[in-house]
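>>> What follows is a predicted protein model with its sequence.
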There are 2 protein chains.
Amino acid sequence: MGATKTEHFTDKQNSIATLAKALGHPARVAIIEYLIKVDTCICGDIVNELPLAQPTVSQHLKELKNAGLIKGEIEGNAICYCIDKKAIEKLQNYFGIISAKITDKKNNCC
Amino acid sequence: MGATKTEHFTDKQNSIATLAKALGHPARVAIIEYLIKVDTCICGDIVNELPLAQPTVSQHLKELKNAGLIKGEIEGNAICYCIDKKAIEKLQNYFGIISAKITDKKNNCC
DNA sequence: AATCTTTATCGTAATATTGCAATATTAAAT
DNA sequence: ATTTAATATTGCAATATTACGATAAAGATT
């Protein structure tokens, strides 16, 4: 036991959970916000922006990449990391739909 | 080591991460979707809807509650769990803003 | 009061995450 | 070719999460 039973849930549920999980750490939220702030993809100084050691930052970037939230390509001895717009839009869309459905609810009791 | 360094990040970053983390498991995504589907707060049959044992479901509900995504009140020998609309709206709003900022970006390279 | 039903908690095993020092890798700069 | 600079990987310790059987708690039913 201990491992998540992903096979028992729908692809969409797993997909949303994967994206949400990737943003389930403040360092990774900070990375996304920093990528937006600098208004460019090239950001070799991302380690200096975070209160974490370089290997830790590298690991968080890897997780964001695995989850599909950022795209990255090797660019000399620096790296070019960019937010994957589609992933963010997927979340935006999902919570928009959920939020609308809650508003439409008739039998509220709380 | 091993514990998240929350103190090094902003309250907002931690807040978003907490909500995202709570939805970072397909069972908890499924619980939220089920709460919406039944269109009511009273849902004593939530355990039957999930492919997990009762203590596990109870634990996931607790985590959703701790994260502020659902509200719950004891109601006889059943429980009244409801989605906390504000939490979902917070996420919707956050991803809406992030998404808009990405669209406005000028220096895209990927 | 005894039983049933439903949810919560405890205890514990399996697994995953977090963080970093040490080291490797890779390409640019000298 | 050597050094420098930036990122990745490895290895490991600390902690957190996931899952569930056993048990507790608490109101409902009989």
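Yep, that arrived. Numbers count the residues shown, from 1 in each chain, chains lettered A, B, ... in the order given.

>>> Any regions of chain A where pLDDT drops low?
Filtered on pLDDT under 70, chain A yields the residue ranges A:1-2, A:39-43, A:74-77, A:106-110.

>>> for it, what's the longest helix?
Among the elements of chain A assigned as helix by DSSP state H, the one spanning the most residues is helix A:85-104.

>>> relative to helix B:85-104, how tilted is it?
150 degrees (axes from the mean of the first three to the mean of the last three Cα atoms, to 10 degrees).

>>> distance between helix A:85-104 and the chain's centre?
When distances are taken as Cα atoms, centre = their mean, to the nearest Å, helix A:85-104 is centred 15 Å away from the chain's centroid.

>>> So which bits of it are buried?
Neighbour counts over helix A:85-104 (16 or more other Cβ atoms under 10 Å in any protein chain shown) mark A:85, A:87-92, A:94-96, A:98-99, A:101-102 as buried. All C-beta atoms are positioned from the backbone trio N, CA, C, and that covers glycine.

>>> Can I get that helix in CSV? Just the C-alpha atoms.
Extracted in CSV, the C-alpha atoms of helix A:85-104 (Å, rounded to 0.1, in the frame of the first residue of the first chain):
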residue,chain,number,x,y,z
LYS,A,85,0.0,27.7,-21.7
LYS,A,86,-2.2,24.8,-22.5
ALA,A,87,-1.7,23.3,-19.0
ILE,A,88,-2.6,26.5,-17.3
GLU,A,89,-5.6,26.9,-19.6
LYS,A,90,-6.7,23.4,-18.7
LEU,A,91,-6.8,24.3,-15.1
GLN,A,92,-8.4,27.6,-15.7
ASN,A,93,-11.1,25.9,-17.8
TYR,A,94,-11.6,23.1,-15.2
PHE,A,95,-12.1,25.4,-12.3
GLY,A,96,-14.3,27.7,-14.4
ILE,A,97,-16.6,24.8,-15.1
ILE,A,98,-16.6,23.6,-11.5
SER,A,99,-17.3,27.0,-10.2
ALA,A,100,-20.2,27.5,-12.6
LYS,A,101,-21.7,24.2,-11.6
ILE,A,102,-21.5,25.2,-8.0
THR,A,103,-23.3,28.4,-8.7
ASP,A,104,-26.0,26.5,-10.5
